[in-house]
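Peer 1: Here is a sequence with its predicted model. Questions after.
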Amino acid sequence: MSSKIPDLETAVRMLMPPLNTHRFTQLRSGVFESEDIDVMINESGDFAFLFPQPVMDYSQYKPRSQRLGLQTYKSNNDVINRRLQKIGKYLAGVENYLEIGASDGGFVAMARNLYPQMHCACIEPDQSTKQQRDALDWLHQFDDFGAAISSGRRFNAIGFFHVFEHIEDPASFLEQCTALLAPGGRIIVEVPSLTDPLLGLYELPAYQKFYFQKQHPYVYSGASLAKVLEHNGLEIQHLIPYQRYGIENHLTWLSKGKPGGSEDFREQFAHIDDGYRAALEASATTDTVIAVAGVCP
């Protein structure tokens, strides 16, 4: 925590425009693994932020799924395949692709299998996954934005998936992204969404307590994400509601009040899982949203 904590009014003024003009009230007191942080939400319910802002050290960061032993529940290949089904068409014909926060390179590898013509690069400081990335001899790795910008390379598409909600200075981040775009290029950003059905549709208190965490200082929805992107010179081309977690996960939460999955639920309801996700996506009641945006002409 910072030694000097601003008052709420000051904290709101410090938010990225245009969200710093909104009025906020407390949604809940306490977040996952930290009881001294509040969650503040705007009047329209489409954007939330943590107050006071936590100071994070990502040098030793591990995703929560790893820390809680949940990584075996969710197949990474399944997540990547579903993402590619949603956004693969926006990578068709892309010559140069950059992924920010590529982790072990799982998505960029599968995308390149789909589009072998793509020249791929990434920005990923995480050393714990470097060995997996190094095995992809066609993947050019940059240490940071500065190295990527000074290389002179420009990209037709830049993707960052479950990265933007970690960014403390979204305006600066987007400025650096647009500096790396080739003319006519686009960004593809995926974030957790406040429209998550376990938060709103089912109003599950145990899930709300689990959902908000120090590593996500900002929580967006499609509406607030679009406002931030547009304010920073980007034009929304597509907003895609996307349900990452299926009926097995939801039934586990509703029946047991905890994350994970169940073999029984998986087997019994596998035949309706795709339809369940599709129904949530059709009503834009999803745990995730994807924005595709280009630089305004």
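Peer 2: That came through, no problem.
Peer 1: give me the low-pLDDT residue ranges for the chain?
Peer 2: Within the chain, the set of residues satisfying pLDDT under 70 comprises 1-5, 57-75.
Peer 1: all strands of it, in order?
Peer 2: Ranges of strands in the chain, per DSSP state E, are 24-31, 34-42, 48-51, 96-100, 119-123, 140-142, 155-161, 181-192, 218-219, 234-242, 288-295.
Peer 1: Let me have those strands in a markdown table, adding distance to Y207 as columns.
Peer 2: C-beta coordinates here come from the backbone N, C-alpha and C atoms, glycine included. Listed next are those as a markdown table, based on distance: least, Cβ to Cβ, whole Å:
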| stretch | distance to Y207 |
| --- | --- |
| strand 24-31 | 12 |
| strand 34-42 | 13 |
| strand 48-51 | 14 |
| strand 96-100 | 28 |
| strand 119-123 | 32 |
| strand 140-142 | 36 |
| strand 155-161 | 22 |
| strand 181-192 | 12 |
| strand 218-219 | 13 |
| strand 234-242 | 18 |
| strand 288-295 | 15 |
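Peer 1: Quick one: closest of the ones you listed to K209.
Peer 2: Among those, strand 24-31 comes nearest to K209, with 7.2 Å by Cβ to Cβ.
Peer 1: Which strands and helices lie in contact with that closest one?
Peer 2: If you count contacts as 3 or more Cβ pairs under 8 Å, 6 or more residues apart in numbering; DSSP states H and E, strand 24-31 packs onto strand 34-42, strand 48-51, helix 205-211.
Peer 1: Pairing partners for it, with directions?
Peer 2: The pairing partners recorded for strand 24-31 under DSSP bridges are strand 34-42 (antiparallel).
Peer 1: quick one: contacts of the strand it pairs with?
Peer 2: By Cβ atoms under 8 Å, 6 or more residues apart in numbering, the list of residues contacting strand 34-42 from outside reads 1, 8, 12, 19, 22-31, 47-52, 54, 194, 212, 214, 219, 224.
Peer 1: coming back round to it: relative to P116, which of the helices and strands packed on strand 24-31 is closest?
Peer 2: Here helix 205-211 is closest among those (Cβ to Cβ), at 38.4 Å.
Peer 1: what comes into contact with that closest one?
Peer 2: 28, 30, 32, 196, 198-199, 253, 257-259.
Peer 1: Quick check on those residues: which are buried?
Peer 2: 28, 196, 198-199, 253, 259 (16 or more other Cβ atoms under 10 Å).
Peer 1: still on that earlier bit, out of the contacts of helix 205-211, which comes closest to L114?
Peer 2: Distances from L114 to the contacts of helix 205-211, taken by Cβ to Cβ, are shortest for D196, at 28.3 Å.
Peer 1: contacting residues for the closest residue to the closest one other than its chain neighbours?
Peer 2: Leaving aside its sequence neighbours, D196 sits nearest to D287 (Cβ to Cβ, 6 or more residues apart in numbering; 4.1 Å). By Cβ under 8 Å, 6+ apart, the residues touching D287 are 192-193, 195-198, 242-245.
Peer 1: Run a quick neighbour tally on D143.
Peer 2: Using other Cβ atoms under 10 Å, D143 has 10 other residues around it.
Peer 1: Am I right that it is in contact with P125?
Peer 2: Yes - because the distance of 6.9 Å satisfies Cβ atoms under 8 Å, D143 is recorded as touching P125.
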